[in-house]
Structure formats: C-alpha cells, structure tokens
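> turn this into a model:
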Amino acid sequence: MKTVLITGANKGIGFETAKQLAQLGYFVYLGSREKIKGLEAIKELKASGISNVSWIQIDVTDIHSVQQAKQELETSIGALDVLINNAGIAGEQPQSMSAGKMENLRKVFETNFFGAVQTTQQFIPLLKKSDEPVIINVSSELGSLTLHNSTQNPNYGIYDAYSSSKTALNAFTVLLANEMRNTNFKINSVSPGYTATDLNQHQGTQTVEQGAKYIVNIATSGKDIVTGQFFREDQIPW
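The predicted structure follows:
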C-alpha cells in the first residue's frame, strides 16, 4: 500500500484530498498543527468507513515539529511515496505591494513557501526509498506571472502577499524538479482552482471535491506524468 503525507489536512482541500486518496487505496497521514482538529478529522473519515488513515502532528513553520514528524514516520513506514505540501494561509487583506504590512508578507511566506521547502527537505530521504516518489506543491493560478502580466486580475492589492508566495513556491517546484531530473521523482505544482474553503471565506466557485480531484489526479499518475510543471485540468503557464 502506497503512503501519503498531506500537510494542513484536517480541513478543506487537504482533508478532501486525503479522503479521495484513501478511497483509492493509499494509506494517508493527515498532518495538522493541532491534535484535537487532527483527531476529529480522522474520526470523521473512520465514521464514513475509511480506516487507512492516521494523524501526525506537524507545524510546517517549526523545523523541530517537521523533524519530529519525519522521525515518527521513519519508525512506521519503509518509504514515503507521496508528499503533498498543502498547508497554506491567505494572510490578512488587503495586501497591496506598495503599502502592505511587511509582517503580514513574512507570515504568509513562512507557511506557504519556507514551510513547504523545509518540509520537503526533511522528507526527501524517506521519499527516495519509494519506487515512484511524488511531491506536489499545492499552488494557485494567482502564482502565475504570465496570467498576472496578461490579465486584469481583480485580486490585485487584495491577495498580493498570497500570490507572491505561490509564485515563490512555483519557483521551488521548477528548481527542485530540475535538480532531481535524473531521478525517478515527479515534482509538480498543482492548483485546485477557486475552491470554497476557509482560506477565502467559502467564496470559491467550486467544491472541495472538485478542487481536490486535480491534486489526486497528479498524485496518482505515476510514470505517466511529466515533472516540473504547473497543473490544474491542463498545464498552467508559469
């Protein structure tokens, strides 16, 4: 049975992604910062008949928490097949680049970018033990420089900190995929689209079931998928 770790998986897209992957036969570790919320998520899944799930405490902004989670998994599994860096925050709005608060920008980057990088670095040794290791960085179309440069985005000045953190995350995807190009790693950014979650006060235009499906499709594609790309239904321009 293949194993998956999803950060920020106690709710929203992370929770739904865990549910869909577990239903496909993967053993899924739901990562969350808070024990109560994590165990509640596990309880909900098990109540629906899904037993191949477990909770693991991980705060991606705390290197000691990430290292402890890695050590815990190393004692339980021989290899990690899929890492999904899903944990993310929107930050306080508005987020104008000309006048936004620096502390807010740093806070958003701490979770959305630095958290994903240090989590990935810690788990790469365990991923290398997999025959088909997959890393998915959950991104957003708001991280696409091409789309920002070619469209009149209504979110300018509102989600600038969030958008730039996802652009940085996309850069991490490209650079890491290039570094691992001669290995069996598949490393990609995936956007779930404008999905109704706590991140946007449930204003998104699609369900978590729809958003998670894009992530699940890439996570389960195995050797059939390319690496170092940006996906939703199809490829998104960088």
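
> can you classify residue 227 by secondary structure?
coil (DSSP: H, G, I helix; E, B strand; the rest coil).

> with residue 55 instead?
Under three-state DSSP, residue 55 comes out as strand.

> give me the low-pLDDT residue ranges for the protein?
Residue ranges of the chain with pLDDT under 70: 153-157, 194-205.

> now with 50?
Residue ranges of the chain with pLDDT under 50: none are present.

> please, where are all the strands along it?
With DSSP state E as the criterion, the chain has strands at 3-6, 27-32, 53-57, 82-85, 134-138, 186-190, 230-231.

> distance from the chain centre to the second one, please.
Spelled out, that is strand 27-32. Put simply, strand 27-32 sits 12 Å off its chain's centre (CA atoms, centre = their mean, to the nearest Å).

> for the first one, same thing?
Offset of strand 3-6 from its chain centre (CA atoms, centre = their mean): 11 Å.

> circling back to that earlier point, need the strands of the chain in TSV (columns: distance to residue 102 and mean neighbour count).
(C-beta placed from N, C-alpha, C; glycine too.) Putting the strands of the chain into TSV (distance: least, CB to CB, whole Å; neighbours: other CB atoms under 10 Å) gives the following:
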stretch	distance to residue 102	mean neighbour count
strand 3-6	30	26
strand 27-32	28	26
strand 53-57	30	18
strand 82-85	24	27
strand 134-138	24	26
strand 186-190	26	26
strand 230-231	28	21
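
> center of the protein - which residue?
residue 86 (2.1 Å; CA atoms, centre = their mean).

> residue 111: which of the strands of the chain is closest?
When the strands of the chain are compared by CB to CB, strand 82-85 sits nearest residue 111, at 10.3 Å.

> which other helices and strands does that closest one contact?
With contacts defined as 3 or more CB pairs under 8 Å, 6 or more residues apart in numbering; DSSP states H and E, strand 82-85 has these neighbours: strand 3-6, helix 12-23, helix 116-127, strand 134-138, helix 208-219.

> for those, which one sits closest to residue 189?
strand 134-138 (4.8 Å).

> can I assume residue 223 is in contact with residue 131?
No. Residue 223 is beyond contact range of residue 131, at 9.7 Å (criterion: CB atoms under 8 Å).

> how about residues contacting stretch 158-174?
Contacts to stretch 158-174, defined as CB atoms under 8 Å, 6 or more residues apart in numbering, come from residues 85, 88-91, 93-97, 100, 104-105, 108-109, 112-113, 116-117, 120, 137, 139-140, 142-145, 148, 155, 187-189, 228, 230, 238.

> do that again at 7 Å, thanks
90-91, 93-97, 100, 104-105, 108-109, 112-113, 116-117, 137, 139-140, 142-143, 145, 187-189, 228, 230, 238 (CB atoms under 7 Å, 6 or more residues apart in numbering).

> these, buried ones only, as a ChimeraX selection?
Applying 16 or more other CB atoms under 10 Å to the contacts of stretch 158-174, the buried members can be selected in ChimeraX as follows:
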select :90,91,93,95,100,104,105,108,109,112,113,116,117,137,139,140,142,143,187,188,189,228,230,238
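
> since that was my last question, I'll sign off now.
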